[in-house]
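Trainee: Structure for the following, please:
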Amino acid sequence: MGVVNVTPDSFSDGGRYLDHEAAVAHGLQLVTEGADVVDVGGESTRPGAAPVPDDEERARVVPVVEALAPHVRVSVDTRTAAVAEAAVDAGATLVNDVSATLHPVAAAAGVGWVAMHMRGDPATMQRDPRYRDVVDEVGAFLVERAEAARAAGVGEVWIDPGIGFGKTTAHNLALLARLDELVATGWPVVVGTSRKRFLGQLLAQADATSGTESTGPHIPRREPGGAAAVVVPPDDRIEGSLATAVWSAAAGAGMVRVHDVAATVAALRLPAP
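Mentor: Predicted coordinates for the structure are as follows:
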């Protein structure tokens, strides 16, 4: 699943594809790179993001969905029923739902649905998130949502643990380490780790402790004065993005949501040892 953010403020590429022509061109490029699904979103759900009015989100998303739908399967990344319905009318066949509430829209339209786990909402989700056992709690929530969707008539249901959505770095790593438990529920799993902040933190920690300069695509970043960066910036998180995408696929995830499609496809095609 390749990402197209038709937004001015997404954490990784905000503003880059706000223009409809740029968004469509990027989506088509992701198809040539090997994306099976292109995920079009018109509202940033980065930590601290404010909600977008329905009419504005719809105006951002619908023309892009219409242009891409003849060429690739399109999902709409939204938490708003009106936007999901408009995108489906424009040709989207999958609702990627960070609110995990829109299964009635998917059922009525006969399209697929992704239920994602999020603690709180984007504006509040990273304010001291706590769990007794993050994997058990996330898994129980997602199974309940998936069963409700199936009972409502949704034929294609996916679950997404919501890496980075109301989770600390430790929570994210626990979900990845025990991803096989979510796979074992029997519901197909989507994982989205691409370019997320916890990877920037881990990469910065690796830079600080390695004592050597990277020879790969990631060059250790330094703050003014020479100190190691606390968080590596989004465009420089490809090693972590690829590693976690491959890990997720090896653990049984059926789909990974990524920004760097070509690199991810190449990594996933590497033969197993």
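
Trainee: The strand or helix carrying Ala151 packs against which elements?
Mentor: Following DSSP states H and E, one finds Ala151 within helix 134-152. Here helix 134-152 touches helix 103-109, strand 112-116, strand 157-160, helix 169-177, helix 179-183, going by 3 or more CB pairs under 8 Å, 6 or more residues apart in numbering; DSSP states H and E. All C-beta spots, glycine's among them, are computed from the backbone N, C-alpha and C.

Trainee: any chance of these in JSON lines, with distance to Ala250 and mean pLDDT too?
Mentor: Below are these laid out as JSON lines (distance: least, CB to CB, whole Å; pLDDT from 0 to 100):
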{"stretch": "helix 103-109", "distance to Ala250": "29", "mean pLDDT": "98"}
{"stretch": "strand 112-116", "distance to Ala250": "21", "mean pLDDT": "98"}
{"stretch": "strand 157-160", "distance to Ala250": "18", "mean pLDDT": "98"}
{"stretch": "helix 169-177", "distance to Ala250": "11", "mean pLDDT": "96"}
{"stretch": "helix 179-183", "distance to Ala250": "9", "mean pLDDT": "98"}
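
Trainee: what's the closest of these to Asp97?
Mentor: Distance to Asp97, taken as CB to CB, is lowest for strand 112-116 among the helices and strands packed on helix 134-152, at 5.9 Å.

Trainee: That closest one vs helix 134-152, what angle?
Mentor: Strand 112-116 runs at 150 degrees relative to helix 134-152, counting by axes from the mean of the first three to the mean of the last three CA atoms, to 10 degrees.

Trainee: for the stretch 101-250 of the chain, which spans come out with low pLDDT?
Mentor: 122-125, 210-229 (pLDDT under 70).

Trainee: before we move on, the earlier item: make CSV out of the helices and strands packed on helix 134-152 and add distance to Gly139.
Mentor: As requested, the helices and strands packed on helix 134-152 are exported to CSV (distance: least, CB to CB, whole Å):
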stretch, distance to Gly139
helix 103-109, 18
strand 112-116, 12
strand 157-160, 8
helix 169-177, 9
helix 179-183, 6
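
Trainee: tell me the most buried of those?
Mentor: Here the criterion is mean neighbour count by mean count of other CB atoms under 10 Å, and of those the winner is strand 112-116, at a mean of 27.

Trainee: who touches that strand?
Mentor: Strand 112-116 is contacted by residues 75, 93-100, 102-103, 106-107, 142, 145-146, 149, 154-162, 165, 190 when judged by CB atoms under 8 Å, 6 or more residues apart in numbering.

Trainee: Restricted to buried residues, select these in ChimeraX.
Mentor: Those of these that count as buried under 16 or more other CB atoms under 10 Å are selected in ChimeraX with:
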select :75,93,94,95,96,97,98,100,102,103,106,107,142,145,146,149,154,157,158,159,160,161,162,165,190
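
Trainee: of all the helices and strands packed on helix 134-152, which lies closest to Thr45?
Mentor: strand 112-116 (9.4 Å).

Trainee: Give me the sheet partners of that closest one and which way each runs.
Mentor: Here strand 112-116 is paired, per DSSP bridges, with strand 94-97 (parallel), strand 157-160 (parallel).
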